[in-house]
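Chemist: A structural model of the following input is requested.
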Amino acid sequence: MKRRWQRWSRRRRVVVVLLLVFLLAVPVPLGAYAVALRVHYSGDPSSQAVSRGRDAVWLGHAWVDGRKTSADVTALAARLATTGVRDLYVHAGPLEHDGSLPLAEVSPKARWFTDAMSKAAPGVRVQAWLGDLVQPAKNPGMDLDDQAVRDRVTASSAAVLDQGFDGIHFDFEPVHSGSHGFLAVLEQVHELTAQRGVPLSVAAAQIDPLWNLNAVPLAIADEGKWWSQEYFGEVARRVEQIAVMSYDTAMPLESLYGGYVAQQTSLALEVTPGRVDLLMGLPAYWESNPSHWGHAETVEAAVRGARLGLGTSGKQNFGLAIYVDFTATEQHWNAYTDGWVRK
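Modeler: Below is the predicted model:
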């Protein structure tokens, strides 16, 4: 074997060494990480890890554009009565790239819906879900570093609050970890929501699960998937609620996905202030592609993972958020209530 190695050209030996390094440097760490996630998913959830009555649901645009009826509102209120849902994030956008929002075109029935829900479910808050694609991105989007854009976002937020909404829920994507423009718009709009006495909430990216793993997608596509734990905490300190979009993880097995949610829950708990609601997203939809395997990313696994991550934490400002109402099936709702509410 030694003689054969010596007969090989220098180039061939370099290629073999690089191949061996790749085979050891990639699968071994990934295998170790998979084992760690499986460990996160092991054991029994604490009996204290149950609904605190601070859960949420993302609702589609049909509730504010005229497609839904009074009968739909009645049915929704009845559905929520047996859950821990306190907040509805109702899609009332999207915002234009300049931060403006043509209310008459986008949400002509918003006032009808906020009034109807106030009567049908007075204990449930209806927040306006606003968002847009943001720069830097391959396609045109909103420039949150532009003060004029942030001013228009603030004005749009005030306009939807005038429609009777009980809060503002932002979903800007993709926000790079460390973005100063995103923090600035949160600070600016928070002054508005504080004056109105309503919450500001945000849909948050996942936290980098490994040391600087986010550098890989940034280098390849200039789009980071994760936030640093430090940046997650910076965002959380500027809002009343932060809901982690804990899905589209590319995890191929239910046990790995559940362990990933448990890890994300623990990481988020470490940096979320006690006064701030932390919610973990539940994937109530079916897709099978490289970023979301439907057989793996289940509501059952997300609920169990969140409960394991929460453990015996005394944090009361914690909940689960269902994404999204128009794809959620009875099986999804039952997995949420049976695993989280009826304990």
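Chemist: can you pull the domain assignment for this protein?
Modeler: In the assignment given by automatic domain parsing, the structural domains of the chain cover 1-40, 52-341.
Chemist: give me the element E105 is part of.
Modeler: Taking DSSP states H and E as the definition, E105 sits inside helix 103-106.
Chemist: same deal with A148?
Modeler: Using DSSP H and E, A148 sits in helix 147-161.
Chemist: just checking, what packs against the helix or strand just after that helix?
Modeler: Using DSSP H and E, the helix or strand that follows helix 147-161 in sequence is strand 167-173. Applying 3 or more C-beta pairs under 8 Å, 6 or more residues apart in numbering; DSSP states H and E, we find strand 167-173 packed against strand 125-133, helix 147-161, helix 180-196, strand 200-204. Every C-beta, even on glycine, is put in place using the N, C-alpha and C of the backbone.
Chemist: need the ones you listed in a markdown table with distance to Y336, mean pLDDT and mean neighbour count, can you?
Modeler: Rendered in a markdown table, the data for those read as follows (distance: least, C-beta to C-beta, whole Å; pLDDT from 0 to 100; neighbours: other C-beta atoms under 10 Å):
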| stretch | distance to Y336 | mean pLDDT | mean neighbour count |
| --- | --- | --- | --- |
| strand 125-133 | 19 | 97 | 23 |
| helix 147-161 | 27 | 98 | 19 |
| helix 180-196 | 28 | 98 | 17 |
| strand 200-204 | 18 | 98 | 25 |
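Chemist: rebuild those as TSV, extending it with distance to H97.
Modeler: Formatted as TSV, the helices and strands packed on strand 167-173 follow (distance: least, C-beta to C-beta, whole Å):
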stretch	distance to H97
strand 125-133	6
helix 147-161	8
helix 180-196	14
strand 200-204	19
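Chemist: nearest to A92, out of those?
Modeler: Between A92 and the helices and strands packed on strand 167-173, the shortest gap by C-beta to C-beta is with strand 125-133, which sits at 4.1 Å.
Chemist: quick one, that closest one and helix 147-161 angle?
Modeler: Taking axes from the mean of the first three to the mean of the last three C-alpha atoms, to 10 degrees, one finds strand 125-133 and helix 147-161 inclined to each other by 150 degrees.
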